[in-house]
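Q: return atomic coordinates for the entry below.
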Amino acid sequence: MPKFALRVVSVERSLYEGDVEFLVANGAGGELGVLAHHAPLMTILKPGPLRIQESIGGPEEVLFGRLAAKVPARRAGQAVARLIELYSAEKLEAESPDDFFARVPLSRVSSLLADLEQMDEATATPDDFVDLGETKAFEVVLQEGECAA
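A: Sure, this is the predicted structure:
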């Protein structure tokens, strides 16, 4: 099977580079399969595995991000503080944050942030309804205009 050059990069670093036979990834538009001679493309990847086959013998999985929690924007500061505290308390000597969070089970991180994900009438605060950079809560305003007809 013919091969093609594959390069997967993040903002911080190159995650994978090599010649491969095929790739399956979770792209912004859904699952994406790529073989040699595919049109060149650039896409945003969703967290999850990249299935890469370099040669005959089966695919290799390369992890691209891990979804630990979906936290409302106003609670992101609390999430970051908890993650820094976890890293500071449990890292190995000279262990980088990338290496630490690759080592720590995803379930551990998810449980640490689980209460921040919950937003219903009982747990929502007034600040949860104020967009970042704004000072008052979102409100629907209906007005007359040429697009209202």
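Q: buried ones in stretch 83-94?
A: Leu83, Leu86, Lys91 (16 or more other CB atoms under 10 Å). (Each C-beta comes from the backbone N, C-alpha and C, glycine too.)
Q: which residues touch it?
A: Pro97, Phe100, Phe101, Val104, Arg108, Val109, Leu112, Leu113 (CB atoms under 8 Å, 6 or more residues apart in numbering).
Q: state the mean pLDDT of it.
A: Regarding stretch 83-94, the rounded mean pLDDT is 95.
Q: then stretch 45-52?
A: 78.
Q: in that stretch, what counts as buried?
A: So, applying 16+ other CB under 10 Å, buried residues of stretch 45-52: Leu45, Pro49, Leu50, Arg51, Ile52.
Q: just to check, the first one is in contact with Val24?
A: To tie it back to what came earlier, the one meant is Leu45. No: using CB atoms under 8 Å, Leu45 is not in contact with Val24, being 11.3 Å away.
Q: re the thing from before, now the contacts of stretch 83-94: which count as buried?
A: Judged by 16+ other CB under 10 Å, buried ones among these: Phe100, Phe101, Val104, Val109, Leu112, Leu113.
Q: TSV please, covering the residues you listed and showing pLDDT and secondary structure.
A: Listed next are the buried ones among the contacts of stretch 83-94 as TSV, based on pLDDT from 0 to 100; DSSP: H, G, I helix; E, B strand; the rest coil:
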residue	pLDDT	secondary structure
Phe100	90	helix
Phe101	87	helix
Val104	93	coil
Val109	94	helix
Leu112	96	helix
Leu113	94	helix
